[in-house]
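Peer 1: have a look at this fold, sequence not included:
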């Protein structure tokens, strides 16, 4: 690609961070119970304090305790979404950051915005979300030899973009490698409660393995709140360094004005307590997206493309490299061109692997399941409540369209 072509693509909105892909959305109507909670707090005029008030932090503690992580409110901070919290946390900690490749589209810009260097490490063949432990150690050794200062490893226990969950043994090996390399771990667990088969998939947290050297980040839009109500929480280690890191993070949140809106904080506290309606919706949504993701995965494999079986979230990560010859005939030679080509034919965003720090030359895209649930709120709600969502005409039609577009690439 020439420099002129690169500038043209940026001018068209294909390169700047502000045009990057959002996290996959549920595509479902807002839960009425949450609407009632936020409406009841709409007249609240007092702002939340930096790091969140006692109710939302205490609710976060109860949320983590149900998952085996005993937590005290003084070791929790809340912010208006995971990006704001991660930016504050990384700014507080300092140093360069190690990340898996691929990784969520918003991670790398956070590091670079702070003027830090981001070093991407390949993931194991079995999953995404965590770096290969041997590659991590070698990369850290090389970076330090070249004058770099890696201090933090950012990983995920339920991954965007690959929709996979690292097996416990691989997560443990990655944590051991991080500990050996002297890296502090930040675990993004926003998608933890979107696992498709929770009784078959064991999800562990690095905070269980490295209680003194791991922070846990949870964006509530992963499973509990609509994306338009930004709220996230972070759990710090209960150590002197954890206390120092929390204080520095609160300084960053205060300086940038990154506070949770008062009514949203009330909804966040309610959602974190997981009453029956909230937990029921989360489980039903995860099962629905799981069923549709599995069907989309079958369509991908049917044309000879590749993808790891999706285990969590609202998407899958397809590798169309085996279809390179057919794609070249359509003028598609890299992930950026594949993003435009597939997006145009499917009528929905299909971000290419380059958005996730993957290789530009690899023909990979993230396919979201939300658009497959229906075109209207009524259709999507019908999919949520159906005993067999794949049997609905509008869901089956969307999957057939996906299969037809993919089949056209293979011919």
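Peer 2: Now that the structure is in, tell me what you want to look at. Only a predicted model underlies this, so the values are computations on that prediction, with no experimental measurement involved.

Peer 1: what number of residues lie near residue 129?
Peer 2: When neighbours are counted by other Cβ atoms under 10 Å, residue 129 registers 29. Every C-beta, even on glycine, is put in place using the N, C-alpha and C of the backbone.

Peer 1: tell me the pLDDT at residue 9?
Peer 2: As predicted, residue 9 sits at a pLDDT of 47.

Peer 1: now residue 47
Peer 2: Residue 47 carries a pLDDT value of 82.

Peer 1: now the residue lying closest to it once chain neighbours are set aside, what's its secondary structure?
Peer 2: Spatial nearest neighbour of residue 47, excluding adjacent residues (Cβ to Cβ, 6 or more residues apart in numbering): residue 259 at 5.7 Å. Three-state call for residue 259 (DSSP: H, G, I helix; E, B strand; the rest coil): coil.

Peer 1: tell me where the stretch 51-200 of the chain has strands.
Peer 2: Under the criterion DSSP state E, counting those that start in this stretch, the stretch 51-200 of the chain contains strands at 76-79, 96-101, 118-122, 150-156, 184-188.

Peer 1: pLDDT on stretch 349-362, on average?
Peer 2: On average, stretch 349-362 scores 96.

Peer 1: before we move on, the earlier item: save the strands of the stretch 51-200 of the chain as CSV, and put in distance to residue 55, mean pLDDT and mean neighbour count too.
Peer 2: Formatted as CSV, those follow (distance: least, Cβ to Cβ, whole Å; pLDDT from 0 to 100; neighbours: other Cβ atoms under 10 Å):
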stretch, distance to residue 55, mean pLDDT, mean neighbour count
strand 76-79, 10, 98, 29
strand 96-101, 32, 98, 24
strand 118-122, 35, 98, 19
strand 150-156, 27, 98, 25
strand 184-188, 24, 98, 25
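
Peer 1: so which of these comes closest to residue 213?
Peer 2: strand 184-188 (5.5 Å; Cβ to Cβ).

Peer 1: got the angle between that closest one and strand 96-101?
Peer 2: With axes from the mean of the first three to the mean of the last three Cα atoms, to 10 degrees defining the directions, strand 184-188 sits at 40 degrees from strand 96-101.

Peer 1: which strands or helices does the top helix by length along the chain pack on?
Peer 2: Criterion DSSP state H: the longest helix present in the chain is helix 276-302. Here helix 276-302 is seen to pack against helix 32-40, strand 306-307, strand 315-319, helix 377-385, helix 393-410 when contacts are counted using 3 or more Cβ pairs under 8 Å, 6 or more residues apart in numbering; DSSP states H and E.

Peer 1: buried ones in that helix?
Peer 2: 278, 281-282, 285-297, 299-300 (16 or more other Cβ atoms under 10 Å).

Peer 1: give me phi/psi at the closest residue to residue 377 other than its chain neighbours?
Peer 2: Distances taken as Cβ to Cβ, 6+ apart place residue 29 nearest to residue 377, at 5.0 Å, with adjacent residues excluded. Main-chain dihedrals, residue 29, degrees, to the nearest 10: phi -60, psi 150.

Peer 1: quick one: mean pLDDT for the longest helix of the chain?
Peer 2: Rounded mean pLDDT across helix 276-302 is 98.

Peer 1: for stretch 208-216, same thing?
Peer 2: Mean per-residue pLDDT for stretch 208-216: 98.

Peer 1: number the chain from 26, please
Peer 2: With the count now opening at 26, the last piece we talked about shows up as stretch 233-241.

Peer 1: how long is stretch 136-154 from one end to the other?
Peer 2: 17 Å (Cα to Cα, to the nearest Å).

Peer 1: which residues sit against that stretch?
Peer 2: 112, 115-116, 120-128, 132-133, 155-157, 160-161, 164, 168, 173, 175, 180-184, 186-187, 189-192, 195, 333, 342, 382 (Cβ atoms under 8 Å, 6 or more residues apart in numbering).

Peer 1: in helices only, show me those residues.
Peer 2: Counting by DSSP H, the contacts of stretch 136-154 place 112, 115, 116, 132, 133, 160, 161, 164, 168, 195 in helices.

Peer 1: count of neighbours near residue 64?
Peer 2: Neighbours of residue 64 (other Cβ under 10 Å): 11.

Peer 1: which among the contacts of stretch 136-154 end up buried?
Peer 2: Buried members of those, scored by 16+ other Cβ under 10 Å, are 112, 115-116, 121-128, 132-133, 155-157, 160-161, 164, 168, 173, 175, 180-184, 186-187, 189-192, 195, 333, 342, 382.

Peer 1: who are the contact partners of the closest residue to residue 74 other than its chain neighbours?
Peer 2: Leaving aside its chain neighbours, residue 74 sits nearest to residue 284 (7.5 Å; criterion: Cβ to Cβ, 6+ apart). By Cβ under 8 Å, 6+ apart, the residues touching residue 284 are 72, 73, 74, 75, 104, 105, 278.
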